[in-house]
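Q: task: produce atomic coordinates for the following.
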Amino acid sequence: MRDFNLDALALLASETSFSSPSNLELSVSEVLPLDQNPAAVYLARLTKNGRRPQKNALDMIARILVGEDANCFSIDWSQVRYQHTAAVRSYLMDRYAPATANRMLSALRGTLEQAWLLGQMSAENYMRASHVKAVIGETLPAGRALSKDEIAALLQDCINDPRPIGARDAAVIAILYSGGLRRAEVTKLELSDYNQEESMLKVHGKRSKERTVYLVEGAIAALQAWLKIRGDESGPIFVTVNKGNNLVMAKPLKPQGIYYILKRRAKRAGVKSFTPHDFRRTFVGDLLDAGVDIAIVAKMAGHASVNTTARYDRRPERAKQEAAKVLKVPYLKNAAD
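A: Now for the predicted structure:
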């Protein structure tokens, strides 16, 4: 569990207007100290990138419960009961996509947990209030899969580029596809994470989870070509290359940098627009198409649940496409008409 980040809490609080809620049932006479406010303590335990969207979610929930002038620091979370959380779920379910609604409900549950841990809420009230089911929905995953020809075109553009970024970008693309890594995971790779003898990478995933990824022959060749240029200095595997074609070892590649690399390479290679996550989608889909067990694919991708992996399974869609061909529409029109 993360320690309190009081500086982060103070910054969040300074950006928030503390108006008095109109719903007296959930109002507070005065704002609690940050280290005693369940919402603030919950937010302090999140990563920097996760803190802002979850604060926005809690602010929205506060407005649902109390009124337009409320925010997550100005209501009494210890007084929230099941009837409140059930109403919030119903509201979110009607207005947001399931993934967004569930992320917001996760923030609510996390805040209620802190109210209990801080001794402000009984275990029974906490258990009842937090017992709201996830919103179930079925949406098609956004994005697209890349074809083998498209991946080959991207790599060929890198190979044809004699600058250091040509070798670097080829290695990035090869690892994104053959390892199914998230772009943030690629930027976190250190030289010490690469085991050349085992052709293996240690990947640092979400919520401090680690997994091993085994690279195929082409990806190994691309990575070795880049490391020959990069050298054996410890630090990030992928670093910035300046306009003078010099490597800046103290400046690792950022996730947004990978986005721009792929955007530039796609334009040069004549490949239709795609996102970095589409490599991960292609990785999962290609393995499932090849008959690899979905549980193994989930582990390779770092998915906590096979249900997530199943969202990228292209086989059911192909089966539906083939089944549709059985139907015949007797639409006959004279060609002369």
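Q: what is the least confident helix or strand in the protein?
A: Least confident helix or strand of the chain, by mean pLDDT, DSSP states H and E, is helix 6-14 with a mean of 53.
Q: quick one: low-confidence ranges for the stretch 1-150 of the chain?
A: Counting by pLDDT under 70, the ranges of the stretch 1-150 of the chain that qualify are 1-31, 138-141.
Q: buried ones in the longest helix belonging to the chain?
A: Secondary structure of the chain per DSSP state H: the longest helix is helix 98-117. By neighbour count with 16 or more other Cβ atoms under 10 Å, helix 98-117 contains the buried residues 101-105, 107-116. To be clear about C-beta, it is placed using only N, CA and C from the backbone, and glycine gets the same treatment.
Q: nearest to Leu262 among these?
A: Minimum separation from Leu262 among these (Cβ to Cβ) is found for Arg103, which lies at 25.9 Å.
Q: the closest one - nearest residue in space that isn't next to it in sequence?
A: Across the structure, with Cβ to Cβ, 6 or more residues apart in numbering as the measure, the residue nearest Arg103 apart from its sequence neighbours is Ala57 (6.5 Å).
Q: I'd say Pro276 and Tyr260 touch.
A: No - counting by Cβ atoms under 8 Å, Pro276 does not reach Tyr260; the two are 10.1 Å apart.
Q: these two: who's more crowded?
A: Pro276 (22 against 10; other Cβ atoms under 10 Å).
Q: distance of Pro38 relative to Pro164?
A: 50 Å (Cβ to Cβ, to the nearest Å).
Q: just Thr240 next, same as before
A: In this structure, Thr240 and Pro164 are separated by 10 Å, where distance is defined by Cβ to Cβ.
Q: what touches both of those two?
A: Contact criterion Cβ atoms under 8 Å, 6 or more residues apart in numbering; residues bridging Thr240 and Pro164 by contacting each: Leu247.
Q: what about Pro38 and Pro164, which has more around it?
A: Pro38 (27 against 17).
Q: isn't that one right up against Gln114?
A: Yes - here Pro38 reaches Gln114: they are 4.0 Å apart, a contact under Cβ under 8 Å.
Q: who touches both of the two?
A: In terms of Cβ under 8 Å, 6+ apart, Pro38 and Gln114 are both contacted by the residues Trp77.
Q: tell me the bridge partners for the nearest residue to Pro236 once chain neighbours are set aside.
A: In space, Pro236 comes closest to Pro252 once its chain neighbours are excluded; the distance is 3.7 Å by Cβ to Cβ, 6+ apart. Pro252 has the following beta-bridge partners by DSSP bridges: Val239.
Q: and Pro252, how many neighbours?
A: When neighbours are defined as other Cβ under 10 Å, Pro252 has 17 of them.
Q: correct me, but Ser74 touches Asp59?
A: No - using Cβ under 8 Å as the test, Ser74 is too far from Asp59 to be in contact (9.5 Å).
Q: tell me where the stretch 51-200 of the chain has helices.
A: When assigned using DSSP state H, counting those that start in this stretch, the helices of the stretch 51-200 of the chain occupy the ranges 82-95, 98-117, 123-129, 148-159, 164-179, 183-188.
Q: just want the angle from the first one to helix 98-117.
A: Read it as helix 82-95. In terms of direction (axes from the mean of the first three to the mean of the last three Cα atoms, to 10 degrees), helix 82-95 departs from helix 98-117 by 160 degrees.
Q: how far does helix 82-95 sit from the chain's center?
A: 25 Å (Cα atoms, centre = their mean, to the nearest Å).
Q: kindly export it (C-alpha atoms) in CSV.
A: The C-alpha coordinates for helix 82-95 follow below in CSV (Å, rounded to 0.1, in the frame of the first residue of the first chain):
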residue,chain,number,x,y,z
TYR,A,82,-26.2,1.2,0.3
GLN,A,83,-29.2,3.2,-1.0
HIS,A,84,-26.7,5.9,-2.0
THR,A,85,-24.2,3.7,-3.8
ALA,A,86,-27.1,1.8,-5.5
ALA,A,87,-28.4,5.1,-6.8
VAL,A,88,-25.0,6.1,-8.0
ARG,A,89,-24.6,2.9,-9.9
SER,A,90,-28.0,3.3,-11.6
TYR,A,91,-27.1,6.9,-12.6
LEU,A,92,-23.7,5.9,-14.0
MET,A,93,-25.1,2.8,-15.8
ASP,A,94,-27.5,5.0,-17.7
ARG,A,95,-25.0,7.7,-18.7
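Q: domain parsing for the protein?
A: The chain resolves into domains spanning 6-129, 148-321 when parsed by automatic domain parsing.
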